[in-house]
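Student: The sequence isn't on hand, but the structure is:
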């Protein structure tokens, strides 16, 4: 009888260990957890903050709440980093061909955020800090070319600063999705 209860104990222990290693928890489930999102530090226009709240509401098992939440998501956004990654020779002003002047035509903008999750009641950090990065490459027309080309380009030959702002706007949604996935799957 003792041998059977001992083997049953080990079988149940192994089963519980297996469940917890796969992310299962006994007690409160992810769907029951409410999370608050204070304004993201460094998010000048609030684009990342609103994208995170939208992703939590639409695409995760967490529930967004301003008050009485179980968790608090704290995010600090670094300034966007923009770099030129593609180059070509500038076209001649008159006639076909190119000059010997090298100009940029492709950029890469990178956003990095530091993410931490706190227990809202005890203010203890549950996990983090974790750096999450997202980047996007985009094409633009060099500021040296004829401005009349931009009128007929259907948005694909924008000047560098305009193309960068479009890329950054899309990048906030991508970064928000990575942050919410990290938080939802960290349990």
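Tutor: Thanks, I have it. What you are looking at is a predicted structure, and each value in this text was computed from that prediction instead of being measured.

Student: where does this protein dip in pLDDT?
Tutor: Residue ranges of the chain with pLDDT under 70: 1-32, 88, 141-164, 187.

Student: Mind naming the longest strand for this protein?
Tutor: strand 98-119 (DSSP state E).

Student: Okay, now the sheet partners of that strand, with direction.
Tutor: Counting by DSSP bridges, the strands paired with strand 98-119 are strand 71-77 (antiparallel), strand 81-91 (antiparallel), strand 125-139 (antiparallel).

Student: Make JSON lines from these and add distance to residue 105 and mean neighbour count to it.
Tutor: In this view, the C-beta of every residue, glycine as well, is placed from N, C-alpha and C. Listed next are those as JSON lines, based on distance: least, C-beta to C-beta, whole Å; neighbours: other C-beta atoms under 10 Å:
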{"stretch": "strand 71-77", "distance to residue 105": "28", "mean neighbour count": "20"}
{"stretch": "strand 81-91", "distance to residue 105": "5", "mean neighbour count": "13"}
{"stretch": "strand 125-139", "distance to residue 105": "6", "mean neighbour count": "15"}
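
Student: Now do the SS call for residue 96.
Tutor: Judged by DSSP: H, G, I helix; E, B strand; the rest coil, the three-state class of residue 96 is coil.

Student: Could you save the strands paired with strand 98-119 as JSON lines and add columns showing distance to residue 56?
Tutor: As requested, the strands paired with strand 98-119 are exported to JSON lines (distance: least, C-beta to C-beta, whole Å):
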{"stretch": "strand 71-77", "distance to residue 56": "8"}
{"stretch": "strand 81-91", "distance to residue 56": "26"}
{"stretch": "strand 125-139", "distance to residue 56": "15"}
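
Student: out of the ones you listed, nearest to residue 39?
Tutor: When the strands paired with strand 98-119 are compared by C-beta to C-beta, strand 71-77 sits nearest residue 39, at 9.1 Å.

Student: Give me the contact list for the closest one.
Tutor: 33-38, 40-43, 48-49, 52, 62, 111-120, 126, 128, 179, 183 (C-beta atoms under 8 Å, 6 or more residues apart in numbering).

Student: For ChimeraX, write the select line for the buried members of the residues you listed.
Tutor: Of those, the buried ones go into a single ChimeraX selection, burial set by 16 or more other C-beta atoms under 10 Å:
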select :33,34,35,36,37,40,43,48,49,52,62,111,112,113,114,115,116,117,118,120,128,179,183
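
Student: quick one: the closest residue to residue 42 other than its chain neighbours from residue 43, how far?
Tutor: Excluding the flanking residues, the one nearest residue 42 by C-beta to C-beta, 6 or more residues apart in numbering is residue 77, at 3.7 Å. Using C-beta to C-beta, to the nearest Å, residue 77 is found at 5 Å from residue 43.
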